[in-house]
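Colleague: here are the coordinates; sequence isn't available:
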Ligand SMILES: Cc1cc2nc3c(=O)[nH]c(=O)nc-3n(C[C@H](O)[C@H](O)[C@H](O)COP(=O)(O)OP(=O)(O)OC[C@H]3O[C@@H](n4cnc5c(N)ncnc54)[C@H](O)[C@@H]3O)c2cc1C
């Protein structure tokens, strides 16, 4: 089993703990970005982990990249790590296109999108909900089997916030010059969607874990009726349920990540996103309830995690989409294959 | 607290194949009425067949008739048996916990007497913890043992005793030393092995809500228990009992009970217009089972690494049994019509049984409320 290089966990944890203070995260939200934080993050090379060095990446495995994303979620780091690395960077490197120095973002795929490659090789149309669109250097998307990259300076940018106040912008292009590269068969709309879902699951695993820990600490410090509220069984129920969802999501994220390292892991990723979406809903509810009014303030950090979770749970597929996906696989296996699917996932029958 | 993902190795996958082949041969799908997880029927012949393959008491040492297999190996056998709805009731308790208690706290003489017979699938055990006035507050048990000639004279009543009417032995928690003024109720308790055929034992059924005979009341009137049947140090039973409960938690028996029902639903809707309607439901349940199974498997791996993951087990059991009830609720919503226990459809019959027996899942072996207290204590030390 391919495990994470502990050095990555250590170094990235230290980096985020130092830089992603409560104030820094809040400031990034107010300003719609965190250029200095990004510059420092880029210095470490972490955004490009798992991308081949020949293309300008940092090397390392997908599991390493997912560990960094888990920590981005754990520290609510306001950086487009997934977009620059395992999503946009991946598309570019798969098509042998060079990685730019700056932020790369992607078209996540929204039913209202009209962005497309014109016959003359330029790009026109609209892309919605583009993460950090306003700060990106390049926007990358798949058009059939072609990886297309455009400079964001050629777009009209309409800024929009996510529920967490992070940029999810609308980008409008009109005959913008583009770079185009052929994608291998394994890079297609489905594999991109799965990869997007996997990136969100890793982020969510970190955020739920941090939220669960915050809740344990807060409820042990907050006293009412002469004792810590964590001593009340009704509150303990929230603590236990949040901890379970943290464990469940992290396990799902890690098993899916390990699977994706060696194969398409479609079953694992689809299941993990479904489980994570539902866990996020339950855990944010429990954590908020246990925090009382304090959790509703901007001053207290709970919202950095809960609002990100509410954002990520709907990105790259909500509960219905993935339930249908896993359901199709399950029904396709038939009754005798159902348990083997649960026990062995993509490597079953 | 950390659940680390783990995969089955080649030898473990081989074991899984063997168990599946055995089940396909013994109980071809569709040929038997599956049980609901650990509540499956008791069938001495089936237990003996499993034992022939070394699958009962498999984690016990070879010296005592076991196979020296790991907790993960046992997990593999148990999950396959339960998801198949195999009749594991006869050896269930002995295999899951009593064998381990005797190995850990018993004398060599007791190990010789009981363990090989457990591993042959012969001995069925019942659990004698609960009493009419002692449920969650188990340390308050009032069954008493007084010194007699070469043993103890026991009086009192155990209740909710699953399978006492079918099993051979009973492992009881009782008081051997009177509670001292101001002393701890955890002191002075002992565990004893009681022959269910002992004179003075009166075993009476307590019919389940649906009339089934599952559990019993067992009244003791001057029952003689010889010294050689006391497990461990007299008076130290509480710690042993706590160790025993840890074996009850976090395994596949805590999340697989309604699986055979869901599998049967798929069998019955395959190729019909219902199949598409059920698709998202199957997706949701399959994904959750997959994630829960990975957690539960990682607990077994921790045990093999010499850890005592009691908080992790409590978290998994609390979550697993609640999930079982959620599955049943979702199935009921999906079916959306009258259920009867004697329906033509096997799926409907199983679902009716799930509905009627489901509430016990989050109660037996420690209620989810008690498990939350156990788990919450373990969370206190978490970093933030
Ligand atoms: C199907 C089935 C099979 C069983 N088989 C056996 C068996 O073979 N042998 C055996 O010994 N026992 C057996 N039991 C009994 C089982 O162990 C007890 O039911 C269980 O420990 C709870 O005890 P109780 O039923 O007395 O509930 P009580 O302890 O009376 O609890 C009632 C309610 O109060 C809650 N409660 C109690 N104390 C607290 C507290 N401190 N904090 C919060 N909530 C609390 C409980 O969670 C529950 O919701 C079986 C039970 C079932 C349902």
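Modeller: Great, that's in hand. All of these numbers come straight from a predicted model, not from anything done at the bench.
Colleague: mind listing the helices for the stretch 1-150 of chain A?
Modeller: Counting by DSSP state H, counting those that start in this stretch, the stretch 1-150 of chain A has helices at residues A:6-19, A:22-31, A:35-44, A:62-74, A:81-82, A:88-94.
Colleague: show me what contacts the nearest residue to residue B:44 once chain neighbours are set aside?
Modeller: Spatially, and ignoring its direct neighbours in sequence, residue B:44 is nearest to residue B:90 (5.3 Å; C-beta to C-beta, 6 or more residues apart in numbering or on different chains). Every residue, glycine included, has its C-beta placed from N, CA and C. Taking C-beta atoms under 8 Å, 6 or more residues apart in numbering or on different chains as the contact definition, residue B:90 lies against B:42-44, B:46-47, B:121, B:124, B:166-167.
Colleague: Against residue B:309, how distant is residue B:90?
Modeller: Distance, residue B:90 to residue B:309, using C-beta to C-beta, to the nearest Å: 28 Å.
Colleague: list the buried ones in the longest strand along chain A?
Modeller: Criterion DSSP state E: the longest strand present in chain A is strand A:168-182. Neighbour-count burial for strand A:168-182 flags A:168-171, A:173, A:176, A:178-181 (criterion: 16 or more other C-beta atoms under 10 Å in any protein chain shown).
Colleague: now for it, which elements pack on it?
Modeller: Applying 3 or more C-beta pairs under 8 Å, 6 or more residues apart in numbering or on different chains; DSSP states H and E, one finds that strand A:168-182 contacts strand A:122-131, strand A:146-151, strand A:156-158.
Colleague: which stretch among the ones you listed comes nearest residue B:94?
Modeller: When the helices and strands packed on strand A:168-182 are compared by C-beta to C-beta, strand A:122-131 sits nearest residue B:94, at 56.6 Å.
Colleague: what sits against the nearest residue to residue A:33 once chain neighbours are set aside?
Modeller: Using C-beta to C-beta, 6+ apart and skipping the chain neighbours, the partner closest in space to residue A:33 is residue A:135 (4.7 Å). Remark: with contacts taken as C-beta under 8 Å, 6+ apart, residue A:135 is in contact with A:32-33, A:35, A:38, A:80, A:103, A:167.
Colleague: of these, buried ones?
Modeller: Neighbour counting by 16+ other C-beta under 10 Å classes A:32-33, A:38, A:80, A:103, A:167 among these as buried.
Colleague: Strands of the stretch 151-300 of chain B, start to end?
Modeller: Counting by DSSP state E, counting those that start in this stretch, the stretch 151-300 of chain B has strands at residues B:151-162, B:169-175, B:189-195, B:201-206, B:215-226, B:230-231.
Colleague: quick one: the second one near the ligand?
Modeller: Think strand B:169-175. No - Strand B:169-175 stays clear of the ligand (C-beta under 6 Å from any ligand atom), getting no nearer than 8.2 Å.
Colleague: do the same with the third one
Modeller: No - where contact is defined by C-beta under 6 Å from any ligand atom, no part of strand B:189-195 touches the ligand; the two come within 12.3 Å at best.
Colleague: tell me which residues in that strand are buried?
Modeller: So strand B:189-195, judged by 16+ other C-beta under 10 Å, has buried residues B:189-194.
Colleague: Residue A:121 reaches residue A:179, doesn't it?
Modeller: No - counting by C-beta atoms under 8 Å, residue A:121 stays clear of residue A:179, with 9.4 Å between them.
Colleague: Of the helices and strands packed on strand A:168-182, which is nearest residue B:248?
Modeller: When the helices and strands packed on strand A:168-182 are compared by C-beta to C-beta, strand A:122-131 sits nearest residue B:248, at 46.7 Å.
Colleague: Report the contact partners of the residue in the stretch 51-200 of chain B that chain A sits nearest to.
Modeller: Of the residues in the stretch 51-200 of chain B, the one nearest chain A is residue B:83, at a distance of 4.8 Å by C-beta to the nearest C-beta. Shown in contact with residue B:83 (C-beta under 8 Å, 6+ apart): A:339, B:252, B:256, B:259-260, B:263.
Colleague: can you pull the buried residues of the lengthiest helix in chain A?
Modeller: Scanning chain A for the helix with the most residues, using DSSP state H, yields helix A:189-221. Buried residues in helix A:189-221, counted by 16+ other C-beta under 10 Å: A:191-216, A:218-220.
Colleague: How about stretch A:101-110?
Modeller: Neighbour counts using 16+ other C-beta under 10 Å place A:103-109 of stretch A:101-110 among the buried residues.
Colleague: Quick one: end-to-end distance for that stretch.
Modeller: Taking C-alpha to C-alpha, to the nearest Å as the measure, stretch A:101-110 stretches 27 Å from start to finish.
Colleague: what sits up against it?
Modeller: Contact partners of stretch A:101-110, identified using C-beta under 8 Å, 6+ apart, comprise A:38, A:42, A:80, A:83-84, A:87-89, A:91-92, A:113, A:115, A:127-133, A:135-141, A:152, A:189, A:192-193, A:196, A:315-316.
Colleague: how about 6 Å then?
Modeller: Residues outside stretch A:101-110 that contact it (C-beta atoms under 6 Å, 6 or more residues apart in numbering or on different chains): A:80, A:83-84, A:87-89, A:115, A:127-133, A:135-141.
Colleague: re earlier: quick one: check the longest helix of chain A for contact with chain B.
Modeller: Yes - Helix A:189-221 reaches chain B (C-beta under 6 Å from any C-beta of the partner chain) through A:213-214, A:216-217.
Colleague: by contact count, what packs against that helix?
Modeller: When contacts are defined as 3 or more C-beta pairs under 6 Å, 6 or more residues apart in numbering or on different chains; DSSP states H and E, helix A:189-221 packs onto helix A:62-74, helix A:233-262, helix A:266-291, helix A:302-312.
Colleague: what's the closest of these to residue B:128?
Modeller: With C-beta to C-beta, the closest approach to residue B:128 among the helices and strands packed on helix A:189-221 belongs to helix A:233-262: 27.9 Å.
Colleague: list the buried ones in that closest one?
Modeller: For helix A:233-262, the buried set under the neighbour-count rule, 16+ other C-beta under 10 Å, comprises A:235-261.
Colleague: ok, residue 308 - how many residues close by?
Modeller: By default, I'm working from chain A. Residue A:308 has 28 neighbours, counted by other C-beta atoms under 10 Å in any protein chain shown.
Colleague: Hmm, no, I was thinking of chain B.
Modeller: Counted with other C-beta under 10 Å, the neighbours of residue B:308 add up to 11.
Colleague: go on, residue B:41?
Modeller: Other residues lying near residue B:41 total 16 when counted by other C-beta under 10 Å.
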